[in-house]
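S.K.: below are the sequence and a predicted model for it; my questions follow.
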Amino acid sequence: MERSRRLARRPLVTLLTAAALAASGMTALSSAARAADADLAANGGFESGLDGWTCTAGKAVTSPVRSGTGALEATPAGADNARCSQTVAVKPDSSYTLTGHVRGTYVYLGASGTGTTDVSTWAQSAPDWQRLSTTFRTGPSTTRVTIYTHGWYGTGAYHADDISLTGPGGETGQPPVPPAGLTAGSATSSSVALSWSPVPGATGYAVYRDGTKVRTVTGTSTTVTGLAPSTAYAFQVTALNDAGESARSATVTAATAEQPDGGGSDLPAHALVGYLHASFANGSGYTRLADVPDSWDVIDLAFGEPTSVTSGDIRFERCPVTECPNVESDAEFKAAIKAKQAAGKKVLISIGGQNGQVQLTTTAARDTFVSSVSKIIDEYGLDGLDIDFEGHSLSLNADDTDFRTPKTPVIVNLISALKTLKAKYGDDFVLTMAPETFFVQLGYQYYGTGKWGGQDPRAGAYLPVIHALRDDLTLLHVQDYNSGPIMGLDNQYHSMGGADFHIAMTDMLLTGFPVAGDATRVFPPLRPDQVAIGMPASTNAGNGHVPPAEVNKALNCLTMKTDCGSYTTHGTWPALRGLMTWSINWDRYSNWEFQKNFDAYFG
């Protein structure tokens with residue numbers, strides 16, 4: 001009360017002046033605060049594509065959009081939740097509001113690296129645009145925060161638009177200087193090694209090939225893959241930090257090596273590959289090697305099998321007379337091999353099969369594998385080797401997460417053994433592989449046990465073997481049969497029974513794909529002359545048989561881009577090598593339907 005009386009005795013003009021000053025000061029302060037709080041998110045409306053964002057499985061679309069002309073569409077797949085993120089400069093001890101609009105099921109918006117408590121918010125089901133918002137305060141030394149959006153595993157595509165981060169902006173600094181010392185190192189027919197000097201303050205580097213950014217890395221070296229043989233390329237590198245990207249380095253030109261023949265370069269442009277039941281009989285009956293028609297260009301003798309799963313000791317036992325009454329003698333069999341070779345055919349020993357589990361768990365087993373396989377090749381005068389490991393022969397240890405640098409002994413030892421055999425027999429050695437889709441194309445979604453464990457450790461387990469031997473590999477003919485549904489590069493599941501499955505599975509091999517959704521770990525495409533499509537010869541031979549009309553649709557689509565149906569391929573490959581089938585015996589049982597269709601198609 002006393003204070004009120006004293007204020008009351010002050011001149012009215014003084015009070016009015018003070019009030020006016022106070023009001024003016026409050027207005028000035030409020031304006032300054034508003035000016036300091038800006039939208040710090042770059043390209044939050046995706047009007048400039050994905051500029052400013054790093055996405056594992058995202059793309060900019062023009063529909064649906066909430067505002068403007070662009071929005072984000074991202075599709076989770078396998079172990080990838082389709083995260084898109086960007087790092088923003090902020091001030092320590094400051095408050096921020098993160099907002100965005102999303103569509104889809106289980107869509108998340110959040111911020112990490114806040115220095116206090118990281119935050120996120122989510123929409124469980126948003127059939128139309130739904131606003132998400134959350135707030136956070138930065139820590140006392142926080143100068144960078146990452147904002148992100150992502151979906152959930154296997155729930156389909158989601159959309160995001162109009163993402164903003166409101167608060168005081170931080171010091172953005174300056175982009176780094178361009179890297180110096182860019183040098184091209186060793187080159188293969190499909191890759192070039194690059195290295196450069198480190199740049200102070202750089203957090204990463206972008207690599208350009210012929211003016212197009214092809215990858216980003218954190219170190220000062222990389223190997224650019226997926227290149228054409230005998231071709232010159234121009235490379236440049238830029239340095240990255242939170243403030244942006246440097247100018248490009250000086251250009252270095254490097255040429256890839258000539259295409260290796262992988263053995264079997266004298267195969268016809270389009271080859272027919274088949275397995276011959278040489279060590280057993282079944283419902284199809286035994287077929288003598290000399291009776292195999294000349295249409296078959298590669299004949300895989302099925303099968304060489306180990307004395308035990310882990311011994312590495314491979315034996316090839318020909319079908320006994322009690323099981324195969326019409327079996328030829330060893331001398332006749334060897335003479336038939338020579339006759340086929342004189343006619344330009346390749347005869348291989350196929351190792352494994354459904355019952356022949358092979359696990360080279362030790363270097364001793366590896367060495368035994370090499371010596372025992374060599375003995376078979378030498379005894380029968382064969383042209384090479386087919387790897388048909390199935391079941392539990394190959395699986396990945398939990399810490400084996402990168403197909404480019406495998407650690408699992410059964411994988412490492414197999415690669416070493418095959419390279420040794422290739423070196424022993426030279427350039428004419430024919431090496432083929434017949435993995436199941438589970439071990440190859442499934443790697444687009446899943447690789448080994450996964451980031452959080454629980455996945456089948458065999459998923460994608462062939463990929464490191466194929467990749468390590470891609471310059472030595474004559475043919476890869478994945479078994480597009482006895483397979484469950486597999487996700488293709490269109491992020492849709494494809495099932496056996498028609499041309500679509502063969503188109504989608506083969507397109508993956510010829511286009512390449514990120515392994516387990518990781519855009520930094522891309523399995524490079526194989527050459528089309530290295531790829532044949534594996535199919536059952538008849539309905540008796542295996543699940544997934546398709547009639548000749550569907551076979552031809554698949555070939556038309558892949559070689560001429562006609563008859564493709566709903567799947568859009570990523571290229572046209574007239575040099576696709578051909579077809580593989582299980583088996584010659586089953587095709588004979590069906591009046592040679594598979595072979596006759598091949599002959600008619602390729603002339």
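M.R.: Received it, and whenever you're ready, just let me know what you need.

S.K.: surely residue 154 touches residue 81?
M.R.: No. The pair residue 154 / residue 81 is not scored as a contact, 9.7 Å apart, by CB atoms under 8 Å. For glycine as for every other residue, the C-beta is placed from the backbone atoms N, C-alpha and C.

S.K.: more neighbours, those two?
M.R.: Applying other CB atoms under 10 Å to residue 154 and residue 81 shows that residue 81 carries more neighbours, namely 21 against 12.

S.K.: how far away is that one from residue 127?
M.R.: Counting by CB to CB, to the nearest Å, the separation of residue 81 from residue 127 is 20 Å.

S.K.: next one: residue 296
M.R.: Residue 296 is 55 Å from residue 127, where distance means CB to CB.

S.K.: between the two, which one's more packed in?
M.R.: Relative neighbour count places residue 296 above the other of residue 296 and residue 127, with 22 against 8, counting by other CB under 10 Å.

S.K.: how about the contacts made by residue 534?
M.R.: Under the criterion of CB atoms under 8 Å, 6 or more residues apart in numbering, the neighbours of residue 534 are 434, 477, 478, 479, 480, 481, 579, 580, 581, 582.

S.K.: out of these, which comes closest to residue 94?
M.R.: residue 478 (54.5 Å; CB to CB).

S.K.: for the closest one, grab the count of nearby residues.
M.R.: As a burial measure, the neighbour count of residue 478 was computed by other CB under 10 Å and equals 27.

S.K.: measure it to residue 418 for me?
M.R.: When CB to CB is the yardstick, residue 478 and residue 418 sit 17 Å from each other.

S.K.: swap in residue 603?
M.R.: With distances defined as CB to CB, the gap from residue 603 to residue 418 amounts to 34 Å.

S.K.: same thing with residue 104?
M.R.: Taking CB to CB as the measure, residue 104 falls 45 Å from residue 418.

S.K.: can you check residue 508 too?
M.R.: Separation of residue 508 from residue 418 (CB to CB): 23 Å.

S.K.: what sits against residue 409?
M.R.: Residue 409 makes contact with 360, 361, 362 under the criterion CB under 8 Å, 6+ apart.

S.K.: next, format the contacts of residue 534 as JSON lines and append secondary structure, distance to residue 89 and pLDDT.
M.R.: JSON lines is the format used below for the contacts of residue 534 (DSSP: H, G, I helix; E, B strand; the rest coil; distance: CB to CB, whole Å; pLDDT from 0 to 100):
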{"residue": "434", "secondary structure": "coil", "distance to residue 89": "53", "pLDDT": "97"}
{"residue": "477", "secondary structure": "coil", "distance to residue 89": "52", "pLDDT": "98"}
{"residue": "478", "secondary structure": "coil", "distance to residue 89": "48", "pLDDT": "98"}
{"residue": "479", "secondary structure": "strand", "distance to residue 89": "52", "pLDDT": "97"}
{"residue": "480", "secondary structure": "coil", "distance to residue 89": "50", "pLDDT": "97"}
{"residue": "481", "secondary structure": "coil", "distance to residue 89": "54", "pLDDT": "95"}
{"residue": "579", "secondary structure": "strand", "distance to residue 89": "57", "pLDDT": "98"}
{"residue": "580", "secondary structure": "strand", "distance to residue 89": "56", "pLDDT": "98"}
{"residue": "581", "secondary structure": "strand", "distance to residue 89": "60", "pLDDT": "98"}
{"residue": "582", "secondary structure": "strand", "distance to residue 89": "59", "pLDDT": "97"}
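
S.K.: tell me the SS of residue 299?
M.R.: strand (DSSP: H, G, I helix; E, B strand; the rest coil).

S.K.: can you check residue 129 too?
M.R.: Three-state secondary structure (criterion: three-state DSSP) places residue 129 in strand.

S.K.: enumerate every residue touching it.
M.R.: For residue 129, the contact set (CB under 8 Å, 6+ apart) comprises 64, 66, 101, 102, 103, 161.

S.K.: among the residues you listed, which are located in strands?
M.R.: Using DSSP state E, 101, 102, 103, 161 are the members of these that sit in strands.
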